[in-house]
Each structure stands twice: as structure tokens, then as C-alpha cells.
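Enquirer: got a sequence here, can you model it:
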Amino acid sequence: LFLDIIADDGHGGRSLTKVNVVANRKPVIEDIPEIVVREHQAFSVTLPESAFHDPDGDTVHTSGNYVQTYNPLTRQYETLANYNASTKTIYGQAGDFGVGTYYLTLTAMDSFTKSGQEPDGDAKAWVANASKPVKITVLNEYDAPRLIAPLSDLAVQEDQSLYLYTSNAFYEVDRDQTLS
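Expert: Model prediction:
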């Protein structure tokens, strides 16, 4: 809706400007239950259409970040969870070092969004796009220690002491493991 604003000084001087008035409320993201999986378990959760809606009936576009974990054995980051906006699906798989709690942030926006903000009539201001964290908890599955440095063959004489140092040969995958 465009309005003409006219300023008149009462002495013949006038100025005119047009103002665009937007009646809008930002989209809403409903609460999304926690996703609980076990490490190594692939998961896929398709959100219902009702998870995102706009109080004004505008088309809602969604996006989401991804979650990564660090694998100290490969020295690389591994993607634990992703969001596919076209199917509204959160999916992924946690590896050995993905045990824990993570948050994937979903965002909803309508056609009025500009630079991550949109006009909101309820707030009477430009506000940040609607966003909501989705909690993802990865439960541990027992993992045996991994051999990371093969041990060399040793030759010893009979009745002699044998010392074999293995402290750097194995990696404790699970946090609560104690090698002995």
C-alpha cells in the first residue's frame, strides 16, 4: 500500500513523498522435538508442512545450517546433520566422534525478507527472520580401541625382560575408555 504524504506550510509551499506501508508478520516455526540417534545410525526426519507457517498466508521459504564434528584420527571435519529445504528434511549420520548434543538452526522467511530481517507489524519494526534450534542428541555405542601405530616384531633372549611400549599405538575412541 502506497500513501502520499503531503507537507503544506500554509503559504503555498508543499512537498510530496510516497511511503510504502507493509502489513506483515514474520513466519512462525513450531517447536520441533529433539532428534535422538545412536552413533553410526543414519537418520532422516521430514518435518510436517505445519512446522512452518506465515500468519499472513505468505509463502514461507526455509533454510538451515549444518552440524559438523571433528575426527582426530583423520584430522578432518565430518558432517553430522544437514537440512534439505526443498523436502524439509533433517538428515545425517554421526561417526565415532559425534557423541554428544548439537543444535541445527532452522530459519523461516517470507517474501518481505531483506538482509536477514523483515517488517513485523506486531513488533512495529524490522525484526530478524524467524529461527529455531533443533536439538540433536547422539548416544554412544561401544567402540573398541583402535590400533593407530602397528607394533613391530621383537626378538628377546630367554630369561630376559621384555618391555613393550604401547601407549601411542592405540586410540581410545570412546571418551570413558581406559586402556590397560
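
Enquirer: which pLDDT value goes with the residue most central in space within the chain?
Expert: The chain has residue 104 as the residue nearest its centroid, 2.2 Å off, counting by C-alpha atoms, centre = their mean. Here, the pLDDT recorded for residue 104 equals 97.

Enquirer: measure it to residue 62 for me?
Expert: Separation of residue 104 from residue 62 (C-beta to C-beta, to the nearest Å): 12 Å. In short, each C-beta sits where N, CA and C put it, glycine included.

Enquirer: got any residues that touch both of these two?
Expert: Contact criterion C-beta atoms under 8 Å, 6 or more residues apart in numbering; residues shared by residue 104 and residue 62: residue 83.

Enquirer: where in the protein is pLDDT low?
Expert: Filtered on pLDDT under 70, the chain yields the residue ranges 1, 22, 143, 173, 175-177, 179-180.

Enquirer: which residues does the residue nearest to the centre of the chain contact?
Expert: By C-beta under 8 Å, 6+ apart, residue 104 lies in contact with 64, 65, 66, 67, 81, 83, 90, 133, 134, 136.

Enquirer: filter those residues to the buried ones?
Expert: Buried members of these, scored by 16 or more other C-beta atoms under 10 Å, are 64, 67, 81, 83, 90, 134, 136.
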